[in-house]
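# Below: sequence and its predicted model.
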Amino acid sequence: MTHQPAPPQQHPAWRAGTTTAPRSAPQHAFPHERTQPLRPAPADPSQPICSGPSPLATPAHRSTSATAAPPRPGLVPETGPVKVSVDNLRCHIYGICQQEAPEVFRISESGSLHYTASVPAPLAAQARQAARCCPMQAIAVRRARPTPAPPPGHPAARASGKRHRIVVAGAGLAGLSSAARLRARGFDGELVLIGEEQHRPYSRPPLSKQFLAGQLDSEELLFRAEDDFDAHWLLGSPLVGLDPAQRTVLLRGGERLRYDGLVIATGVDARRLPETPVLSDRIHTIRTLQDAAAVRQAIRAARARRVVIVGGGFVGCELACTARAQGMDVTLVVNGASLLGRVLGEQLGEVVARIQRRAGVDVRLGTRITDWTDTGTGLLLRFDDGDMLDADLVILGIGGIPRTDWLNGSGLDTRDGVLCHATCHAVDLAGRPVPGIVAAGDVARWPNLRFDATPRRVEHLINAVEMGQHAADSLLDGPSRAQAFTPAPRFWSEQHGTRLQAAGVPALGEQVEIVEGSLHSERFVATYQRSTPRGAQLVAAVAFDMPRELMHYRDRIGLTRPGPQLSWQPRRARTHSAARHGRR
């Protein structure tokens, strides 16, 4: 039966400088008996924690040369319709909702967002996933009618006695996503979320944009709680150790916490330059809410006008946009040959540099700072080409380091993150799965078999959502029944008003083809492909100010066709070589 959606509601553009009332963030008290032993975990590590059929009954994808792209990660079906609303003051129309739920959300030619307010059950899971992935937390999804209580004797009405405990190490988005999925899958044991920060899970992308500009407060960054999924929160509790043999994690202060299942989702820490004077209060990183608050305070206190940003990735470029919008003199220092070179390659990186320079940003490529001097009234920076520059503030945006120091001595493979099998199960230094442990989010390194068998980390919001969900599924199903996690990564950015959206892994591309628009117009779609033994494979698509057109390519990521090269658009396209792809 074809669903006829309700009349869409017009959604006006986001208005800067307006905020909504802060939301409370209650914390659950953790029971005093948390250190008492639990019932032993199953002796066979391949046995799932929860029995019964999985709702994700899709074939495992273990071939690296399939001619068809694997499906998107599954969602737990909703049992009834839902109501959708969008906060006009929050929404920035990034278009993520349209990517995740195209039958519910639609961006018009004029750039307005339309959405269906009453969503039937078959589309409800998509709508809820779009709400999870919205970086501005502008979408609210509520059940259209209360869920009736299960009748007496129904399995859902019987208490389990909380015989099992799952610990989620990391109270960020990946950890939150895992916890919500565990409950959605029917896990009714004890659920504990441990976070190093004092805050409940919050959205990080606005830290370098709306929060830094003063358009959002910290309370408005908190992720909307879909439901109270009955979890214990241990916030401000750094982890310092893991003993897989005893199935315990060690908290600072010496407390040990037993687990039957463990989700590692501790994320990354901001990377610093070794030559940076760490004690200077004029040099900042921006990874956490505390970091961003310190930068915002430093800008206000020092009345900073001259800002130097180190790093040409998304964080550095978006920081430059925010600082320039506030009227600051901005210098963007990049050691590589182009902006976003590691992500997009040199051709598209040159477009980003052109956009930045047109906005008044001093972009310095292929250079680095060799000397830092605090003059008392500012910083004097010396570059490797002999040039010098005065700055009121320096912000480092040079990537992250996986937060795995607490896993030292655990036997897990933590070289550049927690190494996992394709199913998200963590492995030891010998490559064997560690019983009862999965990993998700920025800290996890796994082989995405949609592309190949090379383990990689992906530091994007949508990946944190989806991998958190998949890790929860794999933990409940056990290694013998778990599916491979094979997403097409999606990410976005905004560069001085230009919307950039991408799907796939552009860094894998060997050939870049402009299939819509043109580089000169700065409005285009580019596809990235590479040669494989089976033929040419589409590995990514990137759109500049063409969100609707990107939808045509997203679900084809990973497709392989015979031949040295393939055209994904019937019209004639301009082709650019990516042999020198700007990797750095």
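Thanks, I have it.

# what residue ranges in the stretch 151-300 of the chain score low on pLDDT?
Flagging of the stretch 151-300 of the chain using pLDDT under 70 yields the residue ranges 151-162, 225-228, 277-279.

# what about the strands in it?
165-169, 190-195, 232-235, 239-243, 248-251, 256-258, 261-264, 268-270, 283-285 (DSSP state E, counting those that start in this stretch).

# between those strands, which gets nearest to residue 79?
strand 190-195 (21.3 Å; Cβ to Cβ). All C-beta spots, glycine's among them, are computed from the backbone N, C-alpha and C.

# Below-threshold pLDDT in the protein: ranges please.
Checking the chain against pLDDT under 70 turns up 1-73, 145-162, 225-228, 277-279, 302, 563-584.

# show me the biggest helix of it in terms of residues.
Longest helix in the chain, counting residues (DSSP state H): helix 461-477.

# any chance you could map the helices in the protein?
96-100, 121-133, 173-184, 289-302, 314-325, 341-344, 346-358, 461-477, 547-554.

# The second one versus helix 173-184: what angle between them?
It refers to helix 121-133. Orientation check (axes from the mean of the first three to the mean of the last three Cα atoms, to 10 degrees): helix 121-133 against helix 173-184 gives 150 degrees.

# packing partners for helix 121-133?
When contacts are defined as 3 or more Cβ pairs under 8 Å, 6 or more residues apart in numbering; DSSP states H and E, helix 121-133 packs onto strand 82-86, helix 96-100, strand 139-143, helix 461-477.

# is it possible to export these to JSON lines including mean neighbour count and distance to residue 365?
Shown next, in JSON lines, are those (neighbours: other Cβ atoms under 10 Å; distance: least, Cβ to Cβ, whole Å):
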{"stretch": "strand 82-86", "mean neighbour count": "20", "distance to residue 365": "39"}
{"stretch": "helix 96-100", "mean neighbour count": "24", "distance to residue 365": "30"}
{"stretch": "strand 139-143", "mean neighbour count": "18", "distance to residue 365": "38"}
{"stretch": "helix 461-477", "mean neighbour count": "27", "distance to residue 365": "27"}
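
# got JSON lines for the ones you listed, with distance to residue 418 too?
Shown next, in JSON lines, are those (distance: least, Cβ to Cβ, whole Å):
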{"stretch": "strand 82-86", "distance to residue 418": "34"}
{"stretch": "helix 96-100", "distance to residue 418": "26"}
{"stretch": "strand 139-143", "distance to residue 418": "31"}
{"stretch": "helix 461-477", "distance to residue 418": "11"}
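
# Go through these and name the closest to residue 517.
Nearest to residue 517, of the helices and strands packed on helix 121-133 and by Cβ to Cβ, is helix 96-100 at 18.5 Å.

# Against which helices or strands is the closest one packed?
Helix 96-100 is packed against strand 105-107, strand 113-115, helix 121-133, strand 490-495, helix 547-554, with contacts defined by 3+ Cβ pairs under 8 Å, 6+ apart.

# make it 7 Å
Judged by 3 or more Cβ pairs under 7 Å, 6 or more residues apart in numbering; DSSP states H and E, helix 96-100 is in contact with strand 105-107, helix 121-133, helix 547-554.

# can you list the ones you listed in TSV and add distance to residue 516?
Formatted as TSV, these follow (distance: least, Cβ to Cβ, whole Å):
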stretch	distance to residue 516
strand 105-107	16
helix 121-133	24
helix 547-554	5
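
# Just the strands from the stretch 451-584 of the chain, written as ranges.
Counting by DSSP E, counting those that start in this stretch, the stretch 451-584 of the chain has strands at residues 455-456, 490-495, 498-504, 511-518, 523-532, 535-544, 560-561, 574-577.
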